[in-house]
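Student: Quick one, fold the following:
(2 chains)
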Protein chains: 2
Amino acid sequence: MKTCRVAIAGFGGVGRTVGAMLLARRARYRQLYDMDVRLVAVCGSRAGLADAAGLEAQHFAMLQAGLTGPDMLKGANVLIEAGPTDLHTGGPGLAYLRGALGAGMDAVVISKGALVHSGPELRALARATGARIKISGATAAALPTIDLLDHSLRGGTVLGLEGILNATTNYLLNAMMLRHVGFEEALTEAQAGGFAESDPRKDTQGWDTACKLLILANFGLGADLTLDDMVVEGIEHLTQSRIERWRGEGLTPRLVGHLRREDDGWHARVGIKTYRGDDAFAHVPGKTKAIRIVTDVMGEILAMGGGPEPVATASAALKDLEHLLEHPRAV
Amino acid sequence: MKTCRVAIAGFGGVGRTVGAMLLARRARYRQLYDMDVRLVAVCGSRAGLADAAGLEAQHFAMLQAGLTGPDMLKGANVLIEAGPTDLHTGGPGLAYLRGALGAGMDAVVISKGALVHSGPELRALARATGARIKISGATAAALPTIDLLDHSLRGGTVLGLEGILNATTNYLLNAMMLRHVGFEEALTEAQAGGFAESDPRKDTQGWDTACKLLILANFGLGADLTLDDMVVEGIEHLTQSRIERWRGEGLTPRLVGHLRREDDGWHARVGIKTYRGDDAFAHVPGKTKAIRIVTDVMGEILAMGGGPEPVATASAALKDLEHLLEHPRAV
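Tutor: Sure, this is the predicted structure:
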């Protein structure tokens, strides 16, 4: 049996869920992949823990101050990066990813900061060392997005795509449309329910959607976009009267990210688009996300989904891990 | 560079499209997989052609009588099976698949007969020789179905699924609902348009849906179902008045295949189910197919799609081929 040594960087709600689920699935990994998966390090922002023999879930309560940073990855084969997203610096994940990919470790990425900030650099680093980068957790998680581009539509040419990639704004728009509440009221409600952040601007201004779209384009379609290349509009300025007008016309607004292939490359933008009632995009419920991909030979493919967090995101990352385990790299 | 020798059995519209597209993509296969893909044999029901050095598209017009049957597969690494579906005998594909899998060749299966007739036998044969069976072409083709079960939802547990797996019946139901035409009229129209067969009973009685559901269950979820285990109802007996009643209630009928995991295993059935207007299943257009999968940790995933035939089905089979090329077996 081979051994796979996993390190988790970023040990908040998602990182801890990944850790617990990974440990609970060790028998599965042995059975399906003949692989002894060990959690050899976990690193929060200030504390962490490492053990080459493998940590257990009860150790998660005993993190030691200072045991954090890229040096903690030594001896690992796979990094799972689940730190906070910082678009301006790349966040703590950037140093971990540079360390891991530079040393030839495979990486399963959940946070978006490093991929948005330094995507082309990380892609080149991985290419140079043969490391693999998996990004399901950073691109709408349980909703298959990169899986469709990379796997299910393999061999076809993607002509364009559009995605409802942010659950919070979809919830807000549904509340405004279906329950006639205003933007502020819907937002307060979402914050009380725990599915909008206290500073919701990353979602409501469209930047979360823009980040996911950018990562999909750069890692799934070979684009080289930056946030500066994109027109990004949010939903904050939506008035009740505009909503009423759409309702009267039988239209449903969605905050969507668009990608379109043109002769000079990929064009991306984020903004509100309206859909008629006979379009599935008009019927994407509450906190669900969706994507529609237009191809040359396989027609149009639409996917819709999303599960309860943080379990769904952790599951998407562990799905990525299994794809790595299924085809281990020759050492 | 390694060489992959492909044989195509069943050389009608789909088989020929697969052949032509495969030849047109040879440069892609060399570039992405470092693989010299050669089409070494094509076999229709009465005639065929073989050349270990690789056939070209212009040879498709020069098939020779008698060059058909499993002996033609000698020297191939991958069989693409695209023959006619025969549920009672398994069709000509069964002998080809027994020959190929028994000899350790990987198989990309498009026709449903052999998989329905002898699924467990073929599964066991593949397991014994280490051969791989890919079934996208037999399970709704361009719509990702087995990809979701096998790849995108990996690690989660599927609790159940439902699918609009037959495009013809979905077209008929949409015509009856949206354009107020009767079943016979809609059928005549579909036959004239070339997307219902002259004997449409396999579609309208639900058997095509049942076959796809059975293959998904047996090859994607480890079930051991036979058609005898399933209650199968079609749409032939739908009256105009029943359609009117549903329309009045805001419901849309769909012919769906259901799978439900229970304590004693998988339960499957095919029949009409109605959906409210806020359900995406009510908005699956014309000849499009859809699937909804319920999981434990990744929530509900819905996919909808389908492209122009026979290109979409051929593309799905060649997608499967690329997944084989990506991870060639050690010889």
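
Student: where do the strands sit along chain A?
Tutor: Ranges of strands in chain A, per DSSP state E, are A:2-9, A:35-43, A:47-50, A:64-65, A:78-81, A:106-109, A:133-134, A:158-164, A:231-232, A:251-262, A:265-276, A:289-295, A:300-306.

Student: Quick one: mean pLDDT for the second one?
Tutor: Mean per-residue pLDDT for strand A:35-43: 98.

Student: got it, and the first one?
Tutor: Model confidence over strand A:2-9, given as mean pLDDT, is 98.

Student: what angle do that strand and strand A:35-43 make?
Tutor: 20 degrees (axes from the mean of the first three to the mean of the last three C-alpha atoms, to 10 degrees).

Student: Mind giving me the packing neighbours of strand A:2-9?
Tutor: helix A:13-24, strand A:35-43, strand A:78-81, helix A:91-102, helix A:311-326 (3 or more C-beta pairs under 8 Å, 6 or more residues apart in numbering or on different chains; DSSP states H and E). (Each C-beta comes from the backbone N, C-alpha and C, glycine too.)

Student: With just CA atoms, put stretch A:31-47 into PDB.
Tutor: Extracted C-alpha coordinates of stretch A:31-47, given in PDB (Å, rounded to 0.1, in the frame of the first residue of the first chain):
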ATOM      1  CA  GLN A  31     -10.200   0.100  -0.200                       C
ATOM      2  CA  LEU A  32     -10.600   2.100  -3.400                       C
ATOM      3  CA  TYR A  33      -7.100   3.400  -4.100                       C
ATOM      4  CA  ASP A  34      -4.900   1.100  -2.000                       C
ATOM      5  CA  MET A  35      -3.700   4.300  -0.400                       C
ATOM      6  CA  ASP A  36      -2.900   5.000   3.300                       C
ATOM      7  CA  VAL A  37      -4.000   8.600   3.600                       C
ATOM      8  CA  ARG A  38      -2.400  10.500   6.500                       C
ATOM      9  CA  LEU A  39      -3.100  14.000   7.700                       C
ATOM     10  CA  VAL A  40       0.400  15.000   8.500                       C
ATOM     11  CA  ALA A  41      -0.100  18.700   9.200                       C
ATOM     12  CA  VAL A  42      -2.800  21.300   9.900                       C
ATOM     13  CA  CYS A  43      -2.000  25.100  10.000                       C
ATOM     14  CA  GLY A  44      -4.300  27.900  11.100                       C
ATOM     15  CA  SER A  45      -3.200  31.500  11.000                       C
ATOM     16  CA  ARG A  46      -1.400  31.400  14.300                       C
ATOM     17  CA  ALA A  47      -1.200  27.800  15.400                       C
END
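
Student: Distance-wise, check residue A:71 relative to residue B:216.
Tutor: Here the criterion is C-beta to C-beta, to the nearest Å. By it, residue A:71 lies 47 Å from residue B:216.

Student: quick one on the thing from earlier: which of the helices and strands packed on strand A:2-9 sits closest to chain B?
Tutor: Distance to chain B, taken as C-beta to the nearest C-beta, is lowest for helix A:311-326 among those, at 4.3 Å.

Student: can I get the strands of chain A in JSON lines with mean neighbour count?
Tutor: Shown next, in JSON lines, are the strands of chain A (neighbours: other C-beta atoms under 10 Å in any protein chain shown):
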{"stretch": "strand A:2-9", "mean neighbour count": "22"}
{"stretch": "strand A:35-43", "mean neighbour count": "24"}
{"stretch": "strand A:47-50", "mean neighbour count": "19"}
{"stretch": "strand A:64-65", "mean neighbour count": "10"}
{"stretch": "strand A:78-81", "mean neighbour count": "28"}
{"stretch": "strand A:106-109", "mean neighbour count": "28"}
{"stretch": "strand A:133-134", "mean neighbour count": "24"}
{"stretch": "strand A:158-164", "mean neighbour count": "21"}
{"stretch": "strand A:231-232", "mean neighbour count": "14"}
{"stretch": "strand A:251-262", "mean neighbour count": "21"}
{"stretch": "strand A:265-276", "mean neighbour count": "18"}
{"stretch": "strand A:289-295", "mean neighbour count": "24"}
{"stretch": "strand A:300-306", "mean neighbour count": "25"}
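
Student: Out of those, flag the one nearest residue A:29.
Tutor: strand A:35-43 (4.5 Å; C-beta to C-beta).

Student: how much does the closest one deviate in direction from helix A:13-24?
Tutor: If you take the same axes, to 10 degrees, strand A:35-43 sits at 150 degrees to helix A:13-24.

Student: Which strands or helices does strand A:35-43 pack on?
Tutor: Taking 3+ C-beta pairs under 8 Å, 6+ apart as the contact cut, strand A:35-43 packs with strand A:2-9, helix A:13-24, helix A:26-33, strand A:47-50.
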